[in-house]
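> Okay, sequence plus prediction incoming.
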Amino acid sequence: MTREKLPDRREALNFKVVHPGTEDHHKPTWYDVALGFPPGGASPKEVFISCNKLTTNLDVAGRDVATLISIALQHGAAVEELAAAMTRDDVGKPQGAAGAVLDAVLAEGGR
């Protein structure tokens, strides 16, 4: 399947996600997430992630994860399929930024 071309301007949904394992820290690591939707689209086709700890490895990893998720979505991958493929602990909690972001997208209902 070819990659879906998105318009330059599109609807977006913004929210925050705490990086797994930092929830109980005095200053947890969190990500600002923006989902981009095609006109009239119910499913996101683009993800932007930035970390509150700019220029750190977590920030770079978040941006790279966003790029990979976006490319997968634009090639027709389902958010559910991507989320199910992420590393999880024995109770199903995501262990990395990608899983946490994808779970948050599902919790938001894709909207």
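Noted; the coordinates are in hand. Numbering: from 1, shown residues only.

> Tally up the residues packed near Ala104, please.
Neighbouring residues of Ala104 were enumerated by other Cβ atoms under 10 Å; the total is 18. Any C-beta I mention is one placed from the backbone N, CA and C, and that applies to glycine too.

> Can you check the pLDDT for the closest residue to Leu13 other than its chain neighbours?
Computed as Cβ to Cβ, 6 or more residues apart in numbering, the closest residue to Leu13 that is not its neighbour in sequence is Leu35, at 4.6 Å. With respect to pLDDT, Leu35 scores 91.

> who does the helix or strand containing Leu35 pair up with?
In this assignment (DSSP states H and E), Leu35 forms part of strand 30-37. As defined by DSSP bridges, the strand partners of strand 30-37 come to strand 11-18 (antiparallel), strand 46-51 (antiparallel).

> now the last one, how far from the centre of its chain.
Right, strand 46-51. Averaging C-alpha coordinates over strand 46-51 and over its chain gives two centres that are 6 Å apart (Cα atoms, centre = their mean, to the nearest Å).

> For that strand, buried residues please.
By neighbour count, and taking 16 or more other Cβ atoms under 10 Å as the criterion, the buried residues in strand 46-51 are 46-49, 51.

> Wait, His75 touches Arg3, no?
Yes - taking Cβ atoms under 8 Å as the contact criterion, His75 and Arg3 are neighbours in contact, 5.7 Å apart.
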